[in-house]
Structure formats: C-alpha cells, structure tokens
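**Student:** below: sequence and its predicted model.
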Amino acid sequence: MNEMWVLVMIYLDNAATTWPKPEQVYEAVSDAMRNKGGNPGRSEHKTSLAAGRVLDRTRFSLAKLFGVGNPKRIVFAFNATDALNLAIGGVLSRGDHAVTSSMEHNSVTRPLAHRAAWDIEHTRVFMDPVTGVDPNDVEAALRANTKLVIMTHASNVTGTINPIAAIGALCRRRGVLFLVDGSQSAGSLPIDTEAMGIDLLAFPGHKGLFGPTGTGGLYIAEGVRVTPLRYGGTGVFSEMPLQPETMPYFYESGTQNVHGLAGLEAGVRFIAEETADAIHAQEHRLTDLLIDGLRDIPGVTVYGPPAGKERAAVVSFNIKDMNCMEATLILETSFELALRAGLHCAPDAHRTLGTFDRGGAIRVSPGFFNTDDDIARCLNAVAEIARDA
C-alpha cells in the first residue's frame, strides 16, 4: 500500500460537527474557563460580570451575522435540536396544522410526530433532491389552521438548498409563521432573517459557526409568541412567581454554558474576519471537486445537485451494492478517512432519495480547513474500493 494512506486521519464529517476549530475558539474557551468563571447575571463580582459580558458579546455577534436588529431576540440553546423543540413545542397548540418538507431531519419530524396526540397535524411537501421545495407546493398545502411552516435551509444529506426567501415571502403574505432549520447553513450560507422573512431561526453553534458542541440558539422575531419549555431561575426578577417575559430571560432558565458560548463568539468572529463568502467559496470549490471525482468512478451513485450548482458542502453517495456502513468502515480503517454513513438522522430524506431500504448512504462533508489533497485521498480510496466491490 502506498505510504500516503498511513498519514493522519482526514476529517470529512463537518456536517456533523466542524473540526478542527479555529485556534481562537480554543483560546476563548480556555480564557473563559480560567478567567470568567462566575455565574452570569447572578452576582455583582468581577468574574460574574465578565461571564455576563461573554453572553452579551455572543448575542451581539450572532445578531449581526443573521441580520437581527435586536440581539435580545437571540435565545441560547444546547444545539439546533433544542432550539427546534422550543420553536415547534412553543408555537403549535391543539388543532394547529404545520407544513414541512419530505427531507427534514428527525429534530423536526419527531417533535411533530409526538404532537399528533394533541390533534396537531402536519403536511410534508416534496423536496426535490436537486432543486429543493417548490414554494407553490407549500402554498397549496396551507390550510385555514396552518400555524407554522418548517423548512430546512439546506439538506443534511444532499446539501440541496431550499428557496428560503421565496417561502418566507409567501408565509408573510399568508400570515403563517416561518421556522427555518439552519443546521447546515448557519455560518456557511448567507442568512438575513428580515430579508428572508424568517420568524424563527434554529441554529447549532458547533457546525458552520465553528463553536464548541453544546451551543446553539433560536432567533425569535419581534411579536412572535413562543411558550417556554423550561421554567426556573433567571438571575433577575427573582421576586416574580412566574417566569419573567422579558427577553431573553423568558427562555433562558438556569446557568448558561459560558465557556462554550465564548468559543461560539470566537467562531463567529473568525467568520467575520475570513468573510462568510470566502468560507463558502472554499467549501463549494472542494465540494465540486468531490462531486466531479465521484461521478467519474464506475459504480458510484451520487445523490443531490450536480457540481456547479449552489449547495451546502454535503455530498452523499453509494458504491455499487455495498452496504454503506461497511464501506465507511473500510474507508476509516484502511484509508484513515472520517466520514459518516447511514440514514443521518433524516430517514425521510432517504425515502425521498430511494436509499432508505438499503440503509442510507455514505456522506462526505468538506469543511473550510480541508484541502485539495484531502479530497484527492478520499476519491482515490473510493475508487480503490469500487474496483474491488
């Protein structure tokens, strides 16, 4: 075997979690742990005040990135799943109807499924794996009792981008709230909540924003009522028997993940310094190299948009009749490639692609810190497996 295959592992699983992080993220987490260890909002001593400023800076940076005028409309969460549960559970009530797509993550489909017992129904509209959802299909699915449209910005299986601005304009026109799952787009694709008509934006901190795991948030537009899922101490208004409705305390009970949010703020700052356009251009270039190379390998089937089309940096494929889990295990153990295989927590997406019954697909997700050589190593490894399959 050629010596190149025994080099250090190549990480191509950035759709799950970006890694490595920018150096300033590690430094910010360490600094917060060592020097800003107080409980934010709970005391008046220096370390508590310093921790509180971490939350303020992170909220401000996120608001600027997402075109949010009031940073207090950004509510911190554990991750995008936590934020989606807050949005879905806090908006929908008995008798409501929701519209979503045929390629949503379980973080959308499971909260909706669990609410079927509350007489809450939802309609799935077809999401084309290449072109995304047709806004006309969304409009056709609306009912008199439709309260919420929920749409992924970009598929975590194929990278397909939905026309968020067009769907947002439709929802504004019809008086329906619009929730966007930004799990695969926040930090990687432009998001302007006002221009795109987004009422609720759920985002993870640990993916395109380069933050640590255990961070994320939910943007809630002015005038949108979301019932909290948790109640408790907020550090302020302690005399009130009920949860204070002042933002963001209405939703942020308990002590916040200060050192994680310090890392998240550093990740967002890194995006501002590098520019989101430059990050997206690098990821898009690597993704095109990957797609073109995979399509040239006999026996490989690639799903989703072709090279050259605007998309998120997510590519799924299968090798002949091989089990995708088995193929990924070979790619890791024999070629030192960190990929992901299976249903990717999005079984509906694989039903749409026709890959559900075969157990899903292999997913490669390049990140900003990957190189052309990383992609070449991946393609050479897949070609070698395909020849022997």
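**Tutor:** Sure thing, it's come through.

**Student:** can you tell me what sits against the helix or strand containing Thr47?
**Tutor:** Assigned by DSSP states H and E, Thr47 belongs to helix 46-65. Applying Cβ atoms under 8 Å, 6 or more residues apart in numbering, the contact partners of helix 46-65 are 32, 35-42, 68-74, 76, 187, 191, 203, 217, 219, 248, 256, 258, 261-262, 264-265, 268-269, 271-272, 276. To be clear about C-beta, it is placed using only N, CA and C from the backbone, and glycine gets the same treatment.

**Student:** buried ones in it?
**Tutor:** Neighbour counts over helix 46-65 (16 or more other Cβ atoms under 10 Å) mark 48, 50-52, 54-55, 57-63, 65 as buried.

**Student:** distance between that helix and the chain's centre?
**Tutor:** 22 Å (Cα atoms, centre = their mean, to the nearest Å).

**Student:** just stretch 342-362 next, same as before
**Tutor:** The answer for stretch 342-362 is 18 Å, by Cα atoms, centre = their mean.

**Student:** using CSV, write out every CA atom in stretch 353-373.
**Tutor:** C-alpha atoms of stretch 353-373 as CSV (Å, rounded to 0.1, in the frame of the first residue of the first chain):
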residue,chain,number,x,y,z
LEU,A,353,-33.8,9.6,-2.5
GLY,A,354,-34.8,5.9,-2.6
THR,A,355,-31.9,4.9,-0.4
PHE,A,356,-33.9,4.1,2.8
ASP,A,357,-34.3,0.4,2.1
ARG,A,358,-30.5,0.0,1.6
GLY,A,359,-29.7,1.6,4.9
GLY,A,360,-28.9,5.1,3.6
ALA,A,361,-25.7,6.3,2.0
ILE,A,362,-22.1,7.4,2.6
ARG,A,363,-21.8,11.1,3.4
VAL,A,364,-18.8,13.3,2.9
SER,A,365,-18.9,16.9,4.2
PRO,A,366,-15.8,19.0,3.5
GLY,A,367,-15.0,22.0,5.7
PHE,A,368,-13.1,25.2,5.4
PHE,A,369,-9.9,23.6,6.8
ASN,A,370,-9.9,20.7,4.3
THR,A,371,-7.5,20.8,1.3
ASP,A,372,-7.5,19.6,-2.3
ASP,A,373,-5.2,16.7,-1.1
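
**Student:** now, the contacts of helix 46-65 that are in strands?
**Tutor:** Using DSSP state E, the members of the contacts of helix 46-65 that fall in strands are Ile74, Phe76, Phe203, Gly217, Tyr219.

**Student:** what's the closest of the residues you listed to Ala386?
**Tutor:** Phe203 (36.3 Å; Cβ to Cβ).

**Student:** what's around the closest one, how many residues?
**Tutor:** Each residue near Phe203 was counted by other Cβ atoms under 10 Å, and the total is 30.

**Student:** can you tell me how far it is from Tyr249?
**Tutor:** According to Cβ to Cβ, to the nearest Å, Phe203 stands 20 Å off from Tyr249.

**Student:** with Leu170 instead?
**Tutor:** Taken as Cβ to Cβ, the span from Leu170 to Tyr249 is 33 Å.

**Student:** quick check: of the ones in strands among the contacts of helix 46-65, which has the highest neighbour count?
**Tutor:** For the ones in strands among the contacts of helix 46-65, neighbours tallied by other Cβ under 10 Å; top is Gly217, 32 neighbours.

**Student:** verify the contact between that residue and Ala77 for me.
**Tutor:** Yes - with contact defined as Cβ atoms under 8 Å, Gly217 counts as touching Ala77 (5.2 Å).

**Student:** what's the overlap in contacts for the two?
**Tutor:** Common neighbours of Gly217 and Ala77 (Cβ under 8 Å, 6+ apart) are Ala83, Ala202.

**Student:** now the most centrally placed residue in the chain, nearest residue through space, not along the chain?
**Tutor:** Nearest residue to the geometric centre of the chain (Cα atoms, centre = their mean): Ser183, 0.8 Å. Spatial nearest neighbour of Ser183, excluding adjacent residues (Cβ to Cβ, 6 or more residues apart in numbering): Ala80 at 4.5 Å.

**Student:** identify the residues contacting the strand or helix carrying Leu170?
**Tutor:** For Leu170, the element it lies in under DSSP H and E is helix 164-174. Residues from elsewhere that reach helix 164-174 (Cβ under 8 Å, 6+ apart): 133, 135, 138-139, 142, 146, 149, 151, 153, 177-178, 180, 195-199.

**Student:** check the offset of that helix from the chain's centre.
**Tutor:** On Cα atoms, centre = their mean, the centre of helix 164-174 falls 21 Å from the chain's centre.

**Student:** quick check: what element follows that helix along the chain?
**Tutor:** strand 177-181.

**Student:** and the helix holding Thr47, average pLDDT?
**Tutor:** Averaged across helix 46-65, the pLDDT comes to 88.

**Student:** and the nearest residue in space to Glu194 that is not next to it in sequence, how many neighbours does it have?
**Tutor:** Closest residue to Glu194 apart from its sequence neighbours, by Cβ to Cβ, 6+ apart: Gly67 at 5.3 Å. Around Gly67 there are 16 other residues, counting by other Cβ under 10 Å.

**Student:** what's the burial count for Ser365?
**Tutor:** So Ser365, with other Cβ under 10 Å, has 29 neighbours.

**Student:** tell me the pLDDT at it?
**Tutor:** 98.

**Student:** ok so, going back, buried ones only from the contacts of helix 164-174, please, as a PyMOL command.
**Tutor:** Only the buried members of the contacts of helix 164-174 enter the following PyMOL selection, criterion being 16+ other Cβ under 10 Å:
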select buried, resi 133+135+138+139+142+146+149+151+153+177+178+180+196+197+198+199
